[in-house]
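Q: structure for this input, please:
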Amino acid sequence: MDITDRDFESAKEHFVLALDHISRECWADAEKELKTSLELMPNRVSTRTNLCATLVKLKKFREARELIEETLAIDPENPELNLNQGLLFSEDGRHEEALTSYDRSIALKPDYAEAWSNRGNALGDLGRHEEALASYERALELKPVYAEAWSNRGVALNALRRHEEALASYERAIELKPDYDEAWSNRGNALTDLRRHEEALVSYERSIELKPDIDHTLGELVHTQMKICDWTNLDERCQTLQSELLAGDRASNPFPILGLFDNPHLQRRCAELHAKKKFGFKGELGPIGKRSRKGKIRIGYFSADFHNHATMHLMAHLFECHDRRGFEIFGFSFGPNSDDAMRVRAQNRFDTFFDVSSLSDTGISSLAREHQIDIAVDLKGYTQDSRPAIFAHRAAPIQINYLGFPGTMGASAIDYLIADPVLIPAGLRSAYSEKIISLPNSYQVNDSQRAISDRVFTREELGLPRSGFVFCCFNNNWKIIPETFDMWIGIIHRVPNSVLWLYEDNPTAARNLRAGAEKLYIDPRRLVFAKHMPPAEHLARYRLADLFLDTFPYGAHTTASDALWAGLPVLTRTGESFASRVASSLLHAVGLPELVTHTT
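A: A predicted model of the protein is given here:
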């Protein structure tokens, strides 16, 4: 095709207009101008490169892939094209391939700050946060006023639990780019980790104001509200969350949804959207073969919680009860290396225990393959410090979701979920992507050696009145929704001199709950708040309560076990979701089904 001078000048004009739109992040307008320019000059690589980047910004990934493949055939050593190819690999969850593309881009252009920053993103997605941090530092050496690299640096620091440094990095990004929606969202995450929840809300709200459809932020905003029992605009925001998830938008991570909706199908939808983005099937390690049936079955338990944590309070005795004649058990710890008693106890009960906190997801999966693990049990799911991408690499031929996350993971890499007939009845199995292993009693293992302190508390020293019925709920504050709270207030209103004894996660939540009681014409002093205590003493103080009132839709799990273990009856409401049915499962298992209700 011959290009006339007039075509050349016109193509150039449209290209210049497109660059202006790109500088103002007007991506749809930029796409229009670039496509017009490309029609006039089809083989101009700079136009193709900018169009590729624009299509990525517009999430037109299929079109971008086709264009990048065509253009790389024209100019395979173009660093910008290799970077954009890496972005598409990252979008597909192919982080190793993305890393290769970024490395190729850097080899072609060593001072390419954007490639160094995106290389850090790929390393972070692979769980290699120290390396990611070094990559961001290099990007900032090359381009000190690079807001995106400052924000990305904060993500790495936050993952390394260096939250104050992360916060400073986000604030530098915002200083450079005040309308940077992602940096505002990330700032909210750091503030949440620092337990500065009210400040976090301001950050999340600013992020959504700048970009209403930003990934995950609405879910984090609502979850943070719930942590401090601030129910402002809760119904409206929950409706928006549901609508966006049903439309295919990643409006929330899977965990916050569990406490807001008694809808396992919506929870599956959210989990599938998350899994598709974060850890689609990864083929770097190749297909995994099955071992011969000779020898013991090897089970690997993967967790960040091999320390004084609720999961270990339930699981510790299980590791001791494995039949060593038929099974060999391995622990893979990617959490903190604490020296507390639970860590020592758990570590000593494994045949082999690995601290893999410094390894990448691929490295952990590779180590499991090297030791021929037959069954990999993920004890984290989508809870804090989880690393589900380990299982996308296939750590074992059989992979199981158990205990840590009360719902489906929505991921093809997870084969089974351990439950029981009360927890997941046959009619609800379609809400789970996994096949269900249904245990005969309750799915929830517990430690039969758990100690209850001999300490005898007085009501006065725990802030309780000398007489009167004590209703209690030591669930996390974020599990309390307005409907549940109204129901509780109605109960203590009808029982003279009774009090409601709650766990105090933070002072703001306590203030808001007391204010809520006062609005409902209940003396706020009838709400008593319990502070954190060591496990044995915590169990001992249950002796002063008369009845445990559960939350809904995310009910008591370990807290229900605690109460029953200490001899305190639990009254629960069962729904349809996994999170709402755990206490029901436990009550059926101990022969108290009459304490399970289906309505308020």
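
Q: pull the longest helix from this structure.
A: Here the longest helix in the chain is taken by residue count, with DSSP state H as the criterion, and it is helix 5-23.

Q: buried sites along it?
A: Along helix 5-23, the positions that meet the burial threshold by neighbour count (16 or more other C-beta atoms under 10 Å) are 10-11, 14-15, 17-18, 21-22. In short, each C-beta sits where N, CA and C put it, glycine included.

Q: can you tell me which two in those residues are farthest apart?
A: Taking C-beta to C-beta, the two most distant members of the buried residues of helix 5-23 are S10 and I22; they sit 18.8 Å apart.

Q: mind giving me the packing neighbours of the longest helix of the chain?
A: Packing contacts for helix 5-23, counted by 3 or more C-beta pairs under 8 Å, 6 or more residues apart in numbering; DSSP states H and E, involve helix 27-40, helix 45-57.

Q: can we see that at 6 Å?
A: Counting contacts by 3 or more C-beta pairs under 6 Å, 6 or more residues apart in numbering; DSSP states H and E, helix 5-23 packs against helix 27-40.

Q: tally of neighbours for I257?
A: If you count neighbours by other C-beta atoms under 10 Å, I257 ends up with 30.

Q: V582 now?
A: As a burial measure, the neighbour count of V582 was computed by other C-beta under 10 Å and equals 29.

Q: could you double-check that it lies in contact with T558?
A: No - the pair V582 and T558 fails to qualify as a contact (C-beta atoms under 6 Å) at a distance of 9.1 Å.

Q: quick one on the thing from earlier: check the offset of the longest helix of the chain from the chain's centre.
A: Distance of helix 5-23 from the chain centroid (C-alpha atoms, centre = their mean, to the nearest Å) equals 43 Å.

Q: how about R429: what's its closest non-neighbour residue?
A: For R429, ignoring the flanking residues on the chain, the nearest one in space by C-beta to C-beta, 6 or more residues apart in numbering is I436 at 5.6 Å.

Q: does the one you found count as helix, strand or coil?
A: Using DSSP: H, G, I helix; E, B strand; the rest coil, the structure places I436 in strand.

Q: so what pairs up with it in the strands?
A: Here I436 sits in beta bridges with L417, going by DSSP bridges.

Q: tell me who's in contact with P254.
A: Counting by C-beta atoms under 6 Å, 6 or more residues apart in numbering, P254 touches 270-271, 274, 382.

Q: same question for S357.
A: For S357, the contacting residues are F334, by C-beta under 6 Å, 6+ apart.

Q: if we use 8 Å, what do you get?
A: Contacts were defined as C-beta atoms under 8 Å, 6 or more residues apart in numbering; by that measure S357 touches 333-337.

Q: just the element for it, please.
A: Following DSSP states H and E, one finds S357 outside all helices and strands.

Q: and it, what's its pLDDT?
A: According to the model's per-residue confidence, S357 sits at a pLDDT of 90.

Q: now the residue lying closest to T352 once chain neighbours are set aside: how far from E236?
A: Counting by C-beta to C-beta, 6+ apart, the nearest residue to T352 once its immediate chain neighbours are dropped is F330, at 4.8 Å. Counting by C-beta to C-beta, to the nearest Å, the gap between F330 and E236 amounts to 48 Å.

Q: okay, these two: which has more neighbours?
A: For F330 versus E236, the count of surrounding residues by other C-beta under 10 Å is larger for F330: 20 against 9.

Q: next one: the more buried one from R349, what distance?
A: Computed as C-beta to C-beta, the F330 to R349 distance reads 11 Å.

Q: swap in G404?
A: Separation of G404 from R349 (C-beta to C-beta): 18 Å.

Q: pull the CA atoms of the longest helix of the chain into PDB?
A: Extracted in PDB, the C-alpha atoms of helix 5-23 (Å, rounded to 0.1, in the frame of the first residue of the first chain):
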ATOM      1  CA  ASP A   5       2.200  12.700   1.800                       C
ATOM      2  CA  ARG A   6      -1.300  13.700   2.700                       C
ATOM      3  CA  ASP A   7      -1.900  10.300   4.400                       C
ATOM      4  CA  PHE A   8       1.400  10.700   6.300                       C
ATOM      5  CA  GLU A   9       0.500  14.100   7.600                       C
ATOM      6  CA  SER A  10      -3.000  13.100   8.600                       C
ATOM      7  CA  ALA A  11      -1.700   9.900  10.300                       C
ATOM      8  CA  LYS A  12       0.800  12.100  12.200                       C
ATOM      9  CA  GLU A  13      -2.000  14.500  13.300                       C
ATOM     10  CA  HIS A  14      -4.100  11.700  14.700                       C
ATOM     11  CA  PHE A  15      -1.100  10.200  16.400                       C
ATOM     12  CA  VAL A  16      -0.200  13.500  18.100                       C
ATOM     13  CA  LEU A  17      -3.900  13.900  19.200                       C
ATOM     14  CA  ALA A  18      -3.700  10.300  20.600                       C
ATOM     15  CA  LEU A  19      -0.600  11.100  22.600                       C
ATOM     16  CA  ASP A  20      -2.400  14.100  24.100                       C
ATOM     17  CA  HIS A  21      -5.300  11.900  25.100                       C
ATOM     18  CA  ILE A  22      -2.900   9.300  26.600                       C
ATOM     19  CA  SER A  23      -1.200  12.000  28.700                       C
END
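
Q: hmm, who's touching it?
A: 3, 27, 29-30, 33-34, 36-38, 40-41, 44, 46-47, 50, 53-54.

Q: try it again with 10 Å
A: The contact list for helix 5-23 (C-beta atoms under 10 Å, 6 or more residues apart in numbering) reads 1, 3-4, 26-42, 44, 46-47, 50-51, 53-54, 57.

Q: what about the strands in the stretch 151-300 of the chain?
A: Secondary structure of the stretch 151-300 of the chain (DSSP state E, counting those that start in this stretch): strands at 297-303.

Q: show me the helices in it, by range?
A: Residue ranges of the helices in the stretch 151-300 of the chain, as given by DSSP state H, counting those that start in this stretch, are 163-176, 181-193, 197-210, 217-227, 234-246, 254-258, 264-278.

Q: and F302, bridged to which residues?
A: According to DSSP bridges, the partner residues bridging F302 are F332, D378.

Q: tell me the contacts of it?
A: By C-beta under 10 Å, 6+ apart, the contact set of F302 is 330-334, 354, 356, 364-365, 368, 373, 376-380, 386-388, 390-391, 395-396, 399, 404.

Q: mind running it again at 8 Å?
A: Contact analysis of F302 by C-beta under 8 Å, 6+ apart lists 332, 334, 364, 376-380, 387, 390-391, 395.

Q: reformat those as TSV; add neighbour count, distance to A426 and pLDDT.
A: Compiled in TSV, the contacts of F302 are given as follows (neighbours: other C-beta atoms under 10 Å; distance: C-beta to C-beta, whole Å; pLDDT from 0 to 100):
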residue	neighbour count	distance to A426	pLDDT
F332	31	33	98
F334	23	35	94
I364	25	35	94
A376	28	26	98
V377	25	24	98
D378	28	24	98
L379	25	26	98
K380	23	27	97
R387	24	32	92
I390	32	31	93
F391	27	26	95
A395	28	30	96
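
Q: tell me the domain ranges of the protein?
A: According to the domain assignment given by automatic domain parsing, the chain is divided into the following structural domains: 5-200, 215-282, 297-414, 460-597.
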